[in-house]
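Undergrad: From the sequence below, what's the structure:
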Amino acid sequence: MQAGLLRSFQNSSQSRGMTAWFISAMLFAFYILMYFTSVFDPLATALGLGSRWNLYGTLYTLAIIVGGIYFLKRHGNSRYHQLRTYSLIFFQSVMAFSIPMVMEIFDTKGFVFSIFWPLKMDYFYPQNIFEYPVLLIVYAFLSALIGVPIMTILFGKRWYCSWMCGCGGLAETAGEPFRHLSNKSRKAWRFEKVSIYSVLVLAIITTVLVLVNWSLGTHAVSGEWSTEHSTLNLVSSKVQGAYQFIVAAMLSGVLGVGLYPLMGSRVWCRFFCPLAAILGIFQKFGRFRITVKDDMCISCGNCSTYCEMGIDVRAYAQANQSFKRAACVGCGICAHVCPRGVLRLENKWDFKTEPAGLTPQSIDF
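TA: Here you go, the predicted structure:
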């Protein structure tokens, strides 16, 4: 039990007690019913929202707003966390919810400006993206291929994962009570490295198959599928459907949110998000790092306990080693809960080298 966390560990809903299992079961049931049935359609119609997906977007946005208020009550004494929470609420309520809804009101297909490929696979599927105006098509490709790498190299993945992303927004706000439940073991870290890059590879393969199938399988005039490429069309459709079910539905929704009360709030972000994998790669070569003040750590463990990405921050602090980790989303909670101000989030090119005699193998990741 770490200092300052007594109330969290005594609360049944925050310590994997019966209440936590009940909440998890309810979340599982909600997502399964929402994703795979039409049980919520009558309610959406009665509320004038049109479809269950608009209802889901409404509930999701409300969860981030209410969760944001709760988060600010706990950490609102920090200017950094105030701005970060307001940013998450803005991007979800305006960029990801309100603008797409307004576009649909004017008979235009909704476009979410705050989600990029491969988190939003549709934006690289020609049969989908070409339904949008040219400027939105250009935005979708340039933001994913150029904007994301540049922003991550300059500011780390926190510019997106902790300031803009809707998945991260839910984790940082409504998921705040469960952040200390993330697994800090080496086994979890090894699984993370395999799982997240496996999903990224699957996302790339799926996108390539769809692009090749579209380019080879459609007549320029009639728009009908050519029988010459029917096998490729079948394989592409199967792979695309499998990705949609396994990754987009089960991993990001059912498991990603359903496991909040049992495994912490960043299960999807940490283990499966393909965009997080890309951001992590660029972050390792960028300016962002967490710096450590030498010989200041008192080993209270608050930083590691509160890290929702399962990073053993205390090990770095004890070793006087500033660090970069691909998984780190730059939420800044580790620095916020440190009683001695040992940790600091920075964007600088001059990265502190390891102290003499210190090797990565000596640190318990």
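
Undergrad: domains for this protein, by residue range?
TA: Under the assignment automatic domain parsing, the domains of the chain span 25-287, 288-362.

Undergrad: Select, out of those domains, the one closest to residue 19.
TA: In terms of Cβ to Cβ, the element of these nearest to residue 19 is domain 25-287, at 7.9 Å. The C-beta positions use only the backbone N, C-alpha and C, and glycine is treated the same way.

Undergrad: That closest one spans what distance, first to last residue?
TA: Start and end residues of domain 25-287 are separated by 41 Å (Cα to Cα, to the nearest Å).

Undergrad: what's the answer for stretch 309-325, then?
TA: Per Cα to Cα, stretch 309-325 runs 10 Å from first to last residue.

Undergrad: For stretch 298-306, buried residues please.
TA: Neighbour-count burial for stretch 298-306, counted by 16 or more other Cβ atoms under 10 Å, picks out 300-306.

Undergrad: ditto for stretch 26-33
TA: Those would be 27-28, 30-32, for stretch 26-33 by 16+ other Cβ under 10 Å.

Undergrad: which residues are contacting it?
TA: 39-40, 253-254, 257-258, 260-261 (Cβ atoms under 8 Å, 6 or more residues apart in numbering).

Undergrad: Quick check on these: which are buried?
TA: 40, 253-254, 257-258, 260-261.

Undergrad: so can I have TSV of these showing secondary structure?
TA: Formatted as TSV, those follow (DSSP: H, G, I helix; E, B strand; the rest coil):
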residue	secondary structure
40	coil
253	helix
254	helix
257	helix
258	helix
260	helix
261	helix
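
Undergrad: could I get these as CSV with distance to residue 191 and pLDDT?
TA: What follows is the buried ones among the contacts of stretch 26-33, written out as CSV (distance: Cβ to Cβ, whole Å; pLDDT from 0 to 100):
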residue, distance to residue 191, pLDDT
40, 33, 96
253, 20, 95
254, 19, 96
257, 19, 97
258, 18, 97
260, 18, 97
261, 20, 96
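
Undergrad: Which residue, other than its chain neighbours, is closest to residue 180?
TA: Leaving aside its sequence neighbours, residue 180 sits nearest to residue 305 (Cβ to Cβ, 6 or more residues apart in numbering; 5.1 Å).

Undergrad: how near is the one you found to residue 274?
TA: 28 Å (Cβ to Cβ, to the nearest Å).

Undergrad: Regarding the chain, what is its longest helix?
TA: helix 186-217 (DSSP state H).

Undergrad: Measure how far the helix or strand following it is from the centre of its chain, please.
TA: Once the chain leaves helix 186-217, the next helix or strand it forms, by DSSP states H and E, is helix 230-243. Relative to its chain's centre, helix 230-243 lies at 26 Å (Cα atoms, centre = their mean, to the nearest Å).

Undergrad: quick one: buried residues of helix 230-243?
TA: Judged by neighbour count (16+ other Cβ under 10 Å), helix 230-243 contains these buried residues: 232-233, 236, 239-240, 243.

Undergrad: on contacts alone, who are the packing partners of that helix?
TA: Contacts defined by 3 or more Cβ pairs under 8 Å, 6 or more residues apart in numbering; DSSP states H and E place helix 230-243 against helix 186-217.

Undergrad: Going by neighbour count, list what's buried in the helix it packs on.
TA: Buried, per 16+ other Cβ under 10 Å, within helix 186-217: 189, 192, 196-197, 199-200, 202-203, 206-207, 209-210, 213, 217.

Undergrad: of these, closest to residue 179?
TA: residue 192 (16.1 Å).

Undergrad: now that closest one: how far from residue 38?
TA: From residue 192 over to residue 38 the distance is 35 Å, taken as Cβ to Cβ.

Undergrad: could the contacts of stretch 26-33 go into a markdown table alongside distance to residue 314?
TA: Listed next are the contacts of stretch 26-33 as a markdown table, based on distance: Cβ to Cβ, whole Å:
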| residue | distance to residue 314 |
| --- | --- |
| 39 | 46 |
| 40 | 44 |
| 253 | 32 |
| 254 | 33 |
| 257 | 28 |
| 258 | 29 |
| 260 | 24 |
| 261 | 24 |
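
Undergrad: What is the neighbour count of the closest residue to residue 215 other than its chain neighbours?
TA: In space, and not counting its chain neighbours, residue 215 is closest to residue 126: 7.8 Å by Cβ to Cβ, 6+ apart. Applying the criterion other Cβ atoms under 10 Å, we find 14 residues in the vicinity of residue 126.

Undergrad: got the contact list for residue 126?
TA: Listed by Cβ under 8 Å, 6+ apart, the contact set of residue 126 reads 210-211, 214-215.

Undergrad: Check residue 169 too.
TA: 64, 88-89, 91-92.
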